[in-house]
Structures are given as structure tokens and as C-alpha cells.
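Participant: Give me a 3D structure for the following:
(2 chains)
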There are 2 protein chains.
Amino acid sequence: MTDTLRPIALHVQRETILAYAEITGDYNPIHVDPEFAASTPMGGVIAHGTMSLNLLWQSIAATLGDDALHRTSLDLRFVRPVRIGDTVEAGGARRPERIDAWEVWVRNAAGEPVISGTATLVAA
Amino acid sequence: MTDTLRPIALHVQRETILAYAEITGDYNPIHVDPEFAASTPMGGVIAHGTMSLNLLWQSIAATLGDDALHRTSLDLRFVRPVRIGDTVEAGGARRPERIDAWEVWVRNAAGEPVISGTATLVAA
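Facilitator: Predicted coordinates for the structure are as follows:
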């Protein structure tokens, strides 16, 4: 039985963020308006958090199978913004003491967590 | 102080799902291959869970402000699939006993939860 989740990576470009806004209707200026975003504490445009979270979803499905998706309880913090040009990678490691619980993360290219949390497999 | 999160809705079309796959690289056949998806327990194509979750993110930002996003801890279950043609809506209600905790959901047009969980505002 595997003890790590298969890593899944994504390179985030400005076009990626704009397309994500279009699909979801999420045109928050922090994502799409560079001038506004630069004036906020974020200091510039950031990607939608759920875009990075999708990588974790892919990582769980690729490792544990599609049916794990509807048996997974996620406990998450979005701890760091993702910027244009960042490459982010999702992964996870089983908790040594818990067969059904995984420490999960999405990290930027510097290895810093952008999302961190726990995935717990529950009964279907 | 508001006790409900502003509802945010999205109508999910086949094109929405295909575009979401393209952005995220998530071409899991359960999302993009109708024939394959029909042969699985899902019984047909389902939308990416993080697409619906984004609505909840929008709902939190619209109600509590952008800075709430990086102070929010989410505890979630993806409880039901979202199908082509579904309209889903995110919302939330403050827990009466907890000023910093919200019951949150994304529901389909039938009012059934597709995502359900808790959002907790933590110190920045």
C-alpha cells in the first residue's frame, strides 16, 4: 500500500487565471486586476485558491482511485498566495499512526506550502 | 454583523467542465469522457469538485472580505456529484454558538448538498 500521494504540478500563468475567472465567474479584482491587486496587502495578482486545490484532488484520485474522492473529508488552510509564474505541486504522505489519514499539501517551487491540511478517508 | 453568507450560483455546462479540465490539466475521464463515465458508479459525467468549491470561496470573500480567505480553515466533504445542466449555489450560516464558525454548503437546484462543511476564521 502506497504511503505517498502521486505529485501533480501546474504552472500558473496570467492566462490560466483569467480563464479560471471566466469559468467560475470569480472576477474578484485580486485575481484579474493587476493595478488593484498591487494596492492590497497581497501586493499583486494571486491565483484562485481552488485552482491549486484541484491538483490535490487529482493527486488523491491518481493514487487512491476516483472512488476515494467521495470518501474524502478535507481539512484545509490556504496559507500562502500563488502568483503568476509560480509552479505549484500537490502531494501527500500517510500519517504513520493512521491508515486512513493523509497529510496533504500544495507547495510552490520554493517548497513553501500554499495549501496545507489533512485528508481523511471515511466510510462510503 | 451578518449571519449568512451571500449566495453565489453557477450553471454547469459541458463546455464549463471541458474548459476546467483544460486549465487544471485534470482530464480524469469521469469529467470528460461520457462513455467511460456512464460505465462507472457515477453513471455519467460529473463536474470537478473544486469548481463548485470556488463558489463557496466567492461567497466568503463577498461577505467577509478578501482578507478572510487567508484566515479561513475549511473542513469539507464532497457529498454528491454535480452533473451537466445542474445549477449549484454556495452559501453559509453562522453557527449560533460560535462567532468565528460558519456552516457552509454548496447545493444543487434540488436543494441537496453537493459540498458541506465548516469554515472557521482563524487569527491571521
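Participant: In contact with A:R83, which residues?
Facilitator: A:V12, A:G44, A:V45, A:I46, A:A47 (CB atoms under 8 Å, 6 or more residues apart in numbering or on different chains). Just so you know, the C-beta spots here come from the backbone N, C-alpha and C atoms, and that holds for glycine as well.
Participant: Name the nearest residue to A:R77, ignoring sequence neighbours.
Facilitator: If the residues on either side of it in the chain are set aside, A:R77 comes closest to B:S73, at 5.2 Å by CB to CB, 6 or more residues apart in numbering or on different chains.
Participant: likewise A:D67?
Facilitator: Nearest in space to A:D67, with sequence neighbours left out and distances taken as CB to CB, 6+ apart, is B:P41 at 6.9 Å.
Participant: Please tabulate the contacts of A:R83 in a markdown table and include neighbour count as additional columns.
Facilitator: Compiled in a markdown table, the contacts of A:R83 are given as follows (neighbours: other CB atoms under 10 Å in any protein chain shown):
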| residue | neighbour count |
| --- | --- |
| A:V12 | 22 |
| A:G44 | 14 |
| A:V45 | 23 |
| A:I46 | 25 |
| A:A47 | 23 |
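Participant: wait, which of the residues you listed is closest to A:T87?
Facilitator: A:V12 (7.3 Å; CB to CB).
Participant: got the contact list for the closest one?
Facilitator: A:A47, A:M51, A:S52, A:V82, A:R83, A:I84, A:G85, A:D86, A:T87, A:V88 are the contacts of A:V12 under CB under 8 Å, 6+ apart.
Participant: Please apply the same query to A:N54.
Facilitator: By CB under 8 Å, 6+ apart, the residues touching A:N54 are B:T24, B:D26, B:H48, B:T50.
Participant: Am I right that the second one is in contact with B:Y20?
Facilitator: Yes. Taking CB atoms under 8 Å as the contact criterion, B:D26 and B:Y20 are neighbours in contact, 7.3 Å apart.
Participant: what's the burial count for A:Q13?
Facilitator: A:Q13 has 13 neighbours, counted by other CB atoms under 10 Å in any protein chain shown.
Participant: That one and A:V82 touch, don't they?
Facilitator: No. Between A:Q13 and A:V82 no contact is recorded; they are 11.4 Å apart, counting by CB under 8 Å.
Participant: still on that earlier bit, are any of the contacts of A:V12 buried, and which?
Facilitator: A:A47, A:M51, A:S52, A:V82, A:R83, A:D86, A:V88 (16 or more other CB atoms under 10 Å in any protein chain shown).
Participant: And the residues you listed, which two are furthest apart?
Facilitator: Across those, no pair lies farther apart than A:M51 and A:R83, at 12.3 Å, counting by CB to CB.
Participant: Buried residues in the longest helix seen in chain A, which are they?
Facilitator: For chain A, the helix that runs over the most residues, judged by DSSP state H, is helix A:49-64. The neighbour-count check on helix A:49-64 (16+ other CB under 10 Å) flags A:49-64 as buried.
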